[in-house]
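**Student:** Okay, structure incoming, though there's no sequence with it:
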């Protein structure tokens, strides 16, 4: 009888601990693998940079070069950058269900949608931010058009002002963002 | 008198057979003296030689391993750097799409 009581307490505790361990830091999404798309897409970008790799990448940036110094500024405070981007030769060849599965994780109160863009050319962009005590600790961009979809998840302390400083560097387009608005 | 003394001396100093045992003892002693004896100094020298060879080999293996590790770290670092720049490019490009669409809509509204 005692043993059953211990098990009744221990099992949920273990389940909770496992969930917490697999959840990752706040602001990090559980991204599907999208393995099946690698063969179907004409172009794919799959980037997984956790905190360790970000630190390693930053150590190979040259602080004497202005553009790389700006990147170092952006990276400092980040715990991970995850990018999944696929381009196809046919319209809507990507699995909308998997994209929806990502969207379903982006719910209040953890996530707030900053921007929702729906254009006539079917260029759709959603930008979500996760904040804890007024401090942003996660950013997600879901962008799709008929032949492409992209999911970006940036984890950690995000400073849009610093991201803005990258304009025109490394081929980053001029964003003309009104930071602070 | 002198004859007695002479006889006593002859008796005392007469040749006596030492026996087989003494012969064996002497031969054994000679053999022991002439045989090469393994002394401690040569053994110690040989030990040092092996130790220095082992140390040199260990040092070379260690240096090689460290060099390989450094090369692998550099490869990983450069790849991570390339991915970081690509990730920032993709992020900025998508933010730019959002900006352009919003900006176009604002311009259309203002124009109409």
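**Tutor:** Perfect, I can see it now. In this text, all values refer to a predicted model and were calculated from it rather than measured experimentally. Numbering: from 1, shown residues only, chains lettered A, B, ... in the order given.

**Student:** use CA for all of it now, contacts and neighbours both
**Tutor:** OK.

**Student:** dump the residue contacts of residue A:89.
**Tutor:** Listed by CA atoms under 8 Å, 6 or more residues apart in numbering or on different chains, the contact partners of residue A:89 are A:41-42, A:147.

**Student:** What parts of chain B come near chain A?
**Tutor:** Within chain B, the positions adjacent to chain A are B:76-81, B:83-85, B:87-89, B:91-99, B:101-102 by CA under 8 Å from any CA of the partner chain.

**Student:** Could I have the buried ones of these as PyMOL selection syntax?
**Tutor:** Applied in PyMOL, the following selects the buried portion of these according to 16 or more other CA atoms under 10 Å in any protein chain shown:
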select buried, chain B and resi 76+77+78+80+81+83+84+85+87+88+89+91+92+93+94+95+96+97+98+99+101+102
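
**Student:** Looking at the residues of chain B next to chain A, which are in helices?
**Tutor:** Those of the residues of chain B next to chain A mapping onto helices are B:76-81, B:83-85, B:87-89, B:91-99, B:101-102, per DSSP state H.

**Student:** for stretch A:135-147, the distance to its chain's centre please.
**Tutor:** Centroid separation between stretch A:135-147 and its chain, computed with CA atoms, centre = their mean, to the nearest Å, is 6 Å.

**Student:** which sections of chain B are below the confidence cut-off?
**Tutor:** Applying pLDDT under 70 to chain B picks out residues B:1-2, B:35-43, B:106, B:109-112.

**Student:** Output the residue of it whose distance to chain A is smallest.
**Tutor:** Across chain B, the shortest distance to chain A (CA to the nearest CA) belongs to residue B:81, at 4.3 Å.

**Student:** Spatially nearest residue to that residue (excluding sequence neighbours)?
**Tutor:** Sequence neighbours aside, residue A:57 is the residue nearest to residue B:81 in space, at 4.3 Å (criterion: CA to CA, 6 or more residues apart in numbering or on different chains).

**Student:** Helices along chain A, start to end?
**Tutor:** A:2-23, A:37-40, A:51-59, A:66-75, A:96-105, A:160-164.

**Student:** And the residue of chain A closest to chain B?
**Tutor:** Chain B sits closest to residue A:57 of chain A, with a gap of 4.3 Å, by CA to the nearest CA.

**Student:** hmm, back to that, hey, least reliable of the helices of chain A by pLDDT?
**Tutor:** When the helices of chain A are compared by mean pLDDT, helix A:2-23 comes last with a mean of 55.

**Student:** I figured residue B:87 hits residue A:83, correct?
**Tutor:** Yes. Between residue B:87 and residue A:83 there is a contact under CA atoms under 8 Å: 6.4 Å.

**Student:** any residues in contact with both of those two?
**Tutor:** Counting by CA under 8 Å, 6+ apart, the residues touching both residue B:87 and residue A:83 are residue A:47.

**Student:** Next one, pLDDT for the residue nearest to the spatial centre of chain A please.
**Tutor:** Closest residue to the average C-alpha location of chain A: residue A:153 at 0.4 Å, with CA atoms, centre = their mean. pLDDT for residue A:153: 94.
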